Each structure stands twice: as C-alpha cells, then as structure tokens.
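Engineer: sequence first, then the predicted structure:
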Amino acid sequence: MKRILLMVFRSLFNLPFWFFRIFQLCNIEKYDSQTRYAFLHKIVPIVIRRGRITIHVTGLENLPSESGYIMFPNHQGLFDALAVIQTHERPLVTVMKKEVKNTILLKQVITMLQAEIIDRDDIRQSMQVIMNMTRRVKAGENFLIFAEGTRSRQGNTLLDFKGGSFKSAMNAKCPIVPVALIDSYKAFDTGSIRKQTVQIHYLKPLYYDDYKGMKSTELAEIVSGFIREKISIETSVID
C-alpha cells in the first residue's frame, strides 16, 4: 500500500488527464484495441518508475511472431499484470475474477482491455469464458492467464497450476508462452518503498505439436515446471 500511495503522490499532476483519457478510451466503438492498449503501455512504465521499481526483462524474442497466443505467468501479487503490460508491446486481454469487476479504475481497465470476467463458482459461466477465449484467440487476440487461480503469497514459490486454465489454449491449438515472474510480490506486498527490481522472463513457447494429445493437467505441470526451473536458476544466481 505504501508504494501505491507513493506512485499516486508522484503522479498527482498527471492523474486528471490519465483518468480522463482512460474513461474516454472505454468507448470501444471509437477506439481500437491497439489504441486502447498503447495508452496503458505508455503510462504503466511511468507509474512503475515513480514507484522506485525497475523491470528486468528477458526472452522477448520468444514471443510468437504472430498474435493469437496465451501467456501463463506465475501469480505473486497485484504488480504482476503491470510487469507484463510494461514489457509486452502487443495488445493483450486478461482474465479477471468477478470480485474486481466493479472496482473503480479496474472496471475501466477491464473495459479497455475487453477482459473476460470469470466466476469460479459458476461452472456454466466458466465454460462460457473458455469458449469465448478459444474464439478470440483463434481470431488473433493474445491472452494473459494466471493458472494458479490466486496469488501465491509465498514469495517466489508457485502454487499448483490448474489444468482447466489450459482448456482454451488446447481448444484453440495456439502457442502457449510460460512466463516466470521473480520478486514481483516485493512491489506491493511487503510494505516497503525501497528500490526493487522485478524480473520477468518470457520462456520458449509450446506449440500445438508440442502438447498435442496431452491432458490439461499434464500440460499444466509441464508449464509450471518450466517456470519453477527458471525461477530456481535466476534466484540461485542472485544468492
């Protein structure tokens, strides 16, 4: 919370215009996805820098050359999505839980990104989200899904990835990009405003031929395994 307040305080001069522009860009009939996302991609690095956070990114060359893929990062906290938006140039769509859909500003960002809202307690609605994602990925949109379902709250330790999170990718037969986030939890969840470096590593994608015939639970284990391995390598170097 302290770092969020610091970001807000250092951005007071910009906030009126930013809020105005965000509300303006909620008009999805007038502004295309590239325009809407470009604004977030522009202001997020400014906010992050004012929060005394540096992003170290590797693996951008691993992102498929054509859109229509799904990224699966580990989930450490509220900062995760900001790290992805800063480093990922092409428009992306997120999947968010229903509890946040009416939160001020997040509500507008959901509209801007045309995010999918999922109710984990409603099986029928969850299936509809999976079908929507499959259709949209096939149409060339990129998605961001946190397959753990909730943030870890255990630092750089992963929770189990849920097999159901991979259903859309398997149905769409699209590339799957594992993404390793390291120390992202330190941005907002430690109560500190000390300078921090957050790492984000885009790992080599899995294409349909790589996972064809697998069960979703098997695919979930493989993707989480790649992320665990990368985190282990990078944190051991730091230590």
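Structural biologist: Looks like it came in fine.
Engineer: quick check: which element contains the residue nearest the centre of the chain?
Structural biologist: When C-alpha atoms, centre = their mean is applied to the chain, the residue found nearest the centroid is Ala81 (4.0 Å). For Ala81, the host element (DSSP states H and E) is helix 80-87.
Engineer: now do the same contact list for the residue lying closest to the residue nearest to the centre of the chain once chain neighbours are set aside.
Structural biologist: In this structure, Ala81 finds its nearest non-sequential neighbour in Thr94, 6.4 Å apart by C-beta to C-beta, 6 or more residues apart in numbering. In this view, the C-beta of every residue, glycine as well, is placed from N, C-alpha and C. Contacts of Thr94 were listed using C-beta atoms under 8 Å, 6 or more residues apart in numbering, and they are 81, 110, 113, 115-116, 143-145.
Engineer: am I right that Thr94 falls within a strand?
Structural biologist: Yes: under DSSP: H, G, I helix; E, B strand; the rest coil, Thr94 falls within a strand.
Engineer: for it, name its beta-bridge partners.
Structural biologist: Beta-bridge pairing for Thr94 (DSSP bridges): Leu144.
Engineer: tell me the first helix or strand C-terminal of the lowest-mean-pLDDT helix or strand in the chain.
Structural biologist: The least trusted helix or strand in the chain, going by mean pLDDT, DSSP states H and E, turns out to be helix 106-113, with a mean of 87. Next helix or strand after helix 106-113 toward the C-terminus (DSSP H and E): strand 116-118.
Engineer: residues making contact with that following strand?
Structural biologist: 93-98, 101, 110, 125-126, 129, 132-133.
Engineer: and for stretch 206-215, what's in contact with it?
Structural biologist: By C-beta under 8 Å, 6+ apart, the list of residues contacting stretch 206-215 reads 163, 170, 173-176, 178, 219, 222-223.
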